[in-house]
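Asks: Predicted structure and sequence below. I'll ask about it afterward.
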Amino acid sequence: MTESLNVIALISGGKDSFFSLIHCIQNGHKVVALANLHPAPTTSVARNERVENREADSEDEHDLNSFMYQTVGHTVIPLYEQALQIPLYRQPILGTAVQVGVSYSNDAASAEDAEDETESLVPLLRRIIAENPGANALSTGAILSTYQRTRVESVALRLGLTPLSFLWKYPILPPGTQTSLLQDMQYVGLDARIIKVASGGLDESFLWQDVTNPIVMKRIEKSMKRFGSEGDGAVLGEGGEFETLVIDGPRGLFKGRIEVLQDDRIIVREGGGAHWLQIPKARVVMKEVDEGTSLECRIPVLLEERFQEMLNSLQSKWEGDCKRSAIPLDVSSSEHQVSKPLVNFRYADDLDYWTFSANPKAFGHSVSNQAIGLVDGIRQRLLSSMLQPTDITSTMIILRSMDDFAVVNKIYGALFTKPNPPSRVTISCGDMLPTNEHLTIHLQVQKAAKSLQSSTPQRKALHVQSRSYWAPANIGPYSQAISVPLQASSEYQESSTWTVSVAGQIPLIPHTMALPQPTADPGTTHLEDFKLQTTLSLQHLWRIGKEMNIAWWTSAVAYLPRSSSSTNSSRARITAEAWKFLHRRKSSDEDSDDGEERDLWEEKYFAGMEHRGSENTSRSLPDWESVGYEGPEEGEAFPPLFAVEVEELPKGSGVEWHAHLGVVGGATRLHPSIHGVGWVIHQCTFGGSLQTIIMVEYSETISQVSKFVEGAFRELGVDAIEEYRSHAFYLNISSREALGTKLHGGMIPCWNIWDSEGKRLSAVLLNVVIA
């Protein structure tokens with residue numbers, strides 16, 4: 001059972017804020033207060049006290065067309081306290097939209113930022129918290145607008161409130177239709193009337209129509225198809241096409257309904273085809289005890305169709321001890337080696353890789369002192385390199401014990417004071433770390449892009465901190481994903497390629513932020529729960545990847561917590577089968593991925609960003625149209641995958657997926673895998689850059705492991721082991737004596753490593769670059 005939260009519900013009067021409130025209750029939370037921001041009155045009457053009146057407030061009826069808040073119909077808001085029997089608090093909106101970017105940063109030292117309309121939330125919520133000390137969460141109705149969501153999150157987290165956005169990305173969740181949200185609202189009995197239209201497809205005949213009525217839904221859908229594109233949120237009013245006012249809902253929430261007579265609905269006609277209703281008078285009609293409908297609402301199913309199919313496949317193919325897959329997961333056969341690796345090619349040098357290890361002699365033996373020492377070292381390195389913390393794109397924190405996570409997390413988080421910190425992977429390696437060392441931090445840093453025009457964005461981020469049904473919220477100083485552009489070389493002028501670093505994904509149920517409950521059926525094997533965890537965490541990875549427009553993963557690793565050798569060997573093969581399933585080619589009629597969603601809230605206010613009438617470009621992952629082969633095609637192609645056994649994972653998870661880089665834009669070329677005695681080389685090119693990965697077979701003989709590595713380097717034209725560098729290397733702890741001092745890069749020590757066919761490995765070297 002998940003924790004029950006005491007929720008402050010932000011309400012605008014619109015359908016989304018109320019339906020999100022219903023989902024709060026459905027998930028076992030208690031709504032302790034309603035909060036609303038309204039246009040500042042032109043009279044001298046104070047409006048920042050608890051609402052006591054029970055009549056519609058007809059004074060100063062006007063629509064601000066706020067960037068952040070719905071204000072049309074605000075005169076009816078005071079009636080909700082009586083209708084819902086929940087305390088209502090209101091505050092005037094002060095200021096305007098000072099910060100107009102997608103992300104939002106509160107800088108207390110900036111007087112200008114204090115004037116941003118977002119900050120009007122702060123005194124309102126502080127007053128509510130003072131009167132309701134148990135309040136610990138904040139609900140909002142954001143669906144597709146990053147602009148809205150990031151601002152509410154900024155305020156909520158500053159005040160110690162858990163942000164809840166249960167409708168976030170709702171239209172892309174199963175069943176994946178735009179109207180599913182409206183249909184779910186209809187099911188619970190929400191009565192939401194259109195009170196404003198501002199689209200060429202809608203006229204004033206739509207005013208006061210119930211948007212949850214099936215006939216009205218079809219009218220809106222038909223009208224929007226002439227001006228919008230499928231999946232863009234127009235049917236939901238996400239681009240400001242229309243706004244609504246809720247006048248009734250399920251008996252479990254609405255103890256009374258709001259009545260607005262026809263004579264009290266005055267049409268106001270503005271320029272540009274905008275029309276809205278002015279409501280000078282309204283009243284609450286209390287319901288009989290047995291009147292109304294149930295509060296129960298549909299919660300989107302946990303797994304979308306593609307991943308449910310994958311889970312079914314894993315359950316049917318992998319019985320008991322999990323037989324090894326008969327299909328190899330790399331591009332080429334290992335029997336007849338004719339290909340040669342690329343050696344004379346531009347390497348991906350847009351990113352740099354740093355490693356900071358805790359030295360007990362320098363920092364002492366305590367976890368906090370070592371963490372402070374490492375963070376100070378990172379600051380100094382950034383300063384000497386003329387870089388900022390925002391130039392860090394991803395990090396990997398290796399702890400001795402996961403019990404130290406909270407201490408390290410607080411100190412590490414102080415490094416990032418701007419929005420959108422780097423993505424992050426966290427694992428525990430136990431006694432594989434050197435004696436008395438409690439942590440190591442690996443960083444990926446974007447080098448200064450001097451050749452790019454200053455107007456070119458240098459960094460894009462996905463940073464969702466609200467609980468939703470979509471994917472786990474970021475509950476610490478990290479982002480789901482950071483994307484940076486590759487610089488075009490003089491030989492390769494394609495500069496539209498970006499690389500994406502995604503945070504490690506564990507199988508949390510997004511709306512509860514808890515792991516799935518273990519299967520209680522005594523007839524199931526110990527691997528059944530692992531199959532669900534594998535599937536769910538991969539769904540998180542895919543949803544983030546599609547949101548970032550990733551076409552291909554360069555490679556991936558599945559981290560497994562320490563267990564018996566046979567158990568983790570079986571788990572490793574399950575992860576390989578899942579990876580293969582997601583990279584199988586689909587026929588065109590099979591692939592039903594939605595097109596890319598746009599942030600229509602921003603497009604409503606920023607000229608030149610709308611593309612009405614155009615169809616969305618289909619987006620899939622992997623995007624086989626942008627992936628090609630060099631050399632013969634043998635078998636099916638998959639990004640290199642391996643599984644490693646470490647000590648422990650966050651929250652006691654059974655698996656953590658880490659995709660090393662995602663590729664966006666341009667073409668990705670896959671090169672045949674090169675097989676030698678004791679090694680395999682995988683290579684791919686994208687954006688004019690080459691990535692090389694070396695997998696070294698396992699051997700108990702130290703000298704043999706060294707020979708394997710030397711053979712792989714000779715194939716790459718390396719005569720001396722010092723002539724290369726790598727981003728990182730995963731090292732089987734038993735091979736440390738053979739390779740620990742010879743390999744360069746950030747080391748991730750592992751108890752065991754398996755390739756995608758279940759074979760044990762001694763090491764995996766990532767992003768090998770020849771000096």
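Replies: Everything's here; your move.
Asks: Helix or strand with the lowest mean pLDDT in the chain?
Replies: helix 600-605 (a mean of 41; mean pLDDT, DSSP states H and E).
Asks: Tell me the helix or strand right after that one.
Replies: Next helix or strand after helix 600-605 toward the C-terminus (DSSP states H and E): strand 627-629.
Asks: Which secondary structure elements does that following strand sit against?
Replies: Strand 627-629 sits against strand 668-676, with contacts defined as 3 or more Cβ pairs under 8 Å, 6 or more residues apart in numbering; DSSP states H and E. (Glycine included, C-beta is placed from N, CA and C.)
Asks: ranges for the helices of the stretch 601-750 of the chain?
Replies: Remark: helices assigned in the stretch 601-750 of the chain by DSSP state H, counting those that start in this stretch are 702-715, 736-739.
Asks: could those be laid out in CSV, adding distance to residue 761, mean neighbour count and mean pLDDT?
Replies: Shown next, in CSV, are the helices of the stretch 601-750 of the chain (distance: least, Cβ to Cβ, whole Å; neighbours: other Cβ atoms under 10 Å; pLDDT from 0 to 100):
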stretch, distance to residue 761, mean neighbour count, mean pLDDT
helix 702-715, 10, 18, 90
helix 736-739, 11, 18, 80
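Asks: which one of those helices lies closest to residue 257?
Replies: Nearest to residue 257, of all the helices of the stretch 601-750 of the chain, is helix 736-739, at 71.0 Å by Cβ to Cβ.
Asks: With only the CA atoms kept, save the closest one in PDB.
Replies: Output in PDB follows, covering the C-alpha atoms of helix 736-739 (Å, rounded to 0.1, in the frame of the first residue of the first chain):
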ATOM      1  CA  ARG A 736      41.300  -6.900 -12.200                       C
ATOM      2  CA  GLU A 737      44.800  -8.200 -11.800                       C
ATOM      3  CA  ALA A 738      45.100  -8.800 -15.600                       C
ATOM      4  CA  LEU A 739      43.500  -5.600 -16.800                       C
END
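Asks: and that helix, what other elements does it pack with?
Replies: Helix 736-739 sits against helix 702-715, strand 761-766, with contacts defined as 3+ Cβ pairs under 8 Å, 6+ apart.
Asks: Can you list the low-confidence ranges for the stretch 151-300 of the chain?
Replies: Where the stretch 151-300 of the chain drops to pLDDT under 70, the residues are 200, 227-232, 290-294.
Asks: same thing but 50
Replies: Residue ranges of the stretch 151-300 of the chain with pLDDT under 50: 292.
Asks: For the stretch 51-200 of the chain, which segments count as helices?
Replies: Counting by DSSP H, counting those that start in this stretch, the helices of the stretch 51-200 of the chain are 80-84, 121-131, 146-158, 180-188.
Asks: so which of the ones you listed comes closest to residue 411?
Replies: Nearest to residue 411, of those and by Cβ to Cβ, is helix 146-158 at 18.1 Å.
Asks: mind saving the C-alpha coords of the closest one as PDB?
Replies: The C-alpha coordinates for helix 146-158 follow below in PDB (Å, rounded to 0.1, in the frame of the first residue of the first chain):
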ATOM      1  CA  THR A 146       5.800  21.400 -20.300                       C
ATOM      2  CA  TYR A 147       5.500  25.200 -19.700                       C
ATOM      3  CA  GLN A 148       2.800  24.700 -17.100                       C
ATOM      4  CA  ARG A 149       4.200  21.600 -15.500                       C
ATOM      5  CA  THR A 150       7.700  22.900 -14.900                       C
ATOM      6  CA  ARG A 151       6.500  26.000 -13.200                       C
ATOM      7  CA  VAL A 152       4.100  24.200 -10.800                       C
ATOM      8  CA  GLU A 153       6.900  21.700 -10.000                       C
ATOM      9  CA  SER A 154       9.300  24.500  -9.300                       C
ATOM     10  CA  VAL A 155       7.000  26.000  -6.700                       C
ATOM     11  CA  ALA A 156       5.800  22.700  -5.200                       C
ATOM     12  CA  LEU A 157       9.300  21.400  -4.600                       C
ATOM     13  CA  ARG A 158      10.500  24.700  -3.100                       C
END
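Asks: Please list the residues outside it that contact it.
Replies: When contacts are defined by Cβ atoms under 8 Å, 6 or more residues apart in numbering, helix 146-158 is touched by residues 10, 67-68, 102-106, 118-119, 121-122, 125, 138, 140, 142, 162-163, 165, 168, 419, 463-466, 599, 601-602.
Asks: Show the buried residues in those.
Replies: Using 16 or more other Cβ atoms under 10 Å as the burial test, these include 10, 67-68, 102, 104, 106, 118-119, 121-122, 125, 138, 140, 142, 162-163, 165, 168, 419, 463-466, 599, 601-602 as buried.
Asks: Filter the residues you listed down to the ones in strands?
Replies: Among those, the members found in strands (DSSP state E) are 10, 138, 162-163.
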